[in-house]
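# sequence first, then the predicted structure:
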Amino acid sequence: MHAELDEIGYHLLVAEFDLLWSRRPRPGDRERMDQMMRLIEAFEATRRISSSA
């Protein structure tokens, strides 16, 4: 997965995370969700930095 997210990619990633969160866990879901959280948090951190500048 590409480390740089744009606004659309961010919203798609959050939607996929919500889907995984709401269903019964499958093999690999936890690792995928951990990776997704790192990307989501990194994107949100860059948004906070740019909005406070």
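All right, it came through fine. Residues are numbered from 1 along each chain as shown.
# E31: neighbouring residues, count only.
Using other CB atoms under 10 Å, E31 has 9 other residues around it. In short, each C-beta sits where N, CA and C put it, glycine included.
# in three-state terms, label it for me.
Assigned state for E31: helix (three-state reduction, DSSP: H, G, I helix; E, B strand; the rest coil).
# and the pLDDT at it?
Looking at E31, its pLDDT is 96.
# the one 3 residues further on now?
The predicted structure scores D34 at 97 on the pLDDT scale.
# same question for H2.
47.
# how about the one 5 residues further on?
Reported pLDDT at E7 in the predicted model: 94.
# for E41, see how far away it is.
16 Å (CB to CB, to the nearest Å).
# likewise W21?
Counting by CB to CB, the gap from W21 to E41 is 15 Å.
# so which residues of this structure form helices?
All helices of the chain, identified by DSSP state H, fall at 7-22, 29-52.
# count of neighbours near the closest residue to F17 other than its chain neighbours?
Among residues not flanking F17 along the chain, M36 sits closest, at 4.9 Å (CB to CB, 6 or more residues apart in numbering). The number of residues packed around M36, counting by other CB under 10 Å, is 17.
# contacting residues around M36?
13, 16-17, 20 (CB atoms under 8 Å, 6 or more residues apart in numbering).
# pull out the buried members of these.
Neighbour-count burial (16 or more other CB atoms under 10 Å) applied to these gives 13, 17, 20.
# do you know the pLDDT at the most centrally placed residue in the chain?
Compute the mean C-alpha point of the chain, and by CA atoms, centre = their mean the closest residue is I40, 3.3 Å away. pLDDT, I40: 95.
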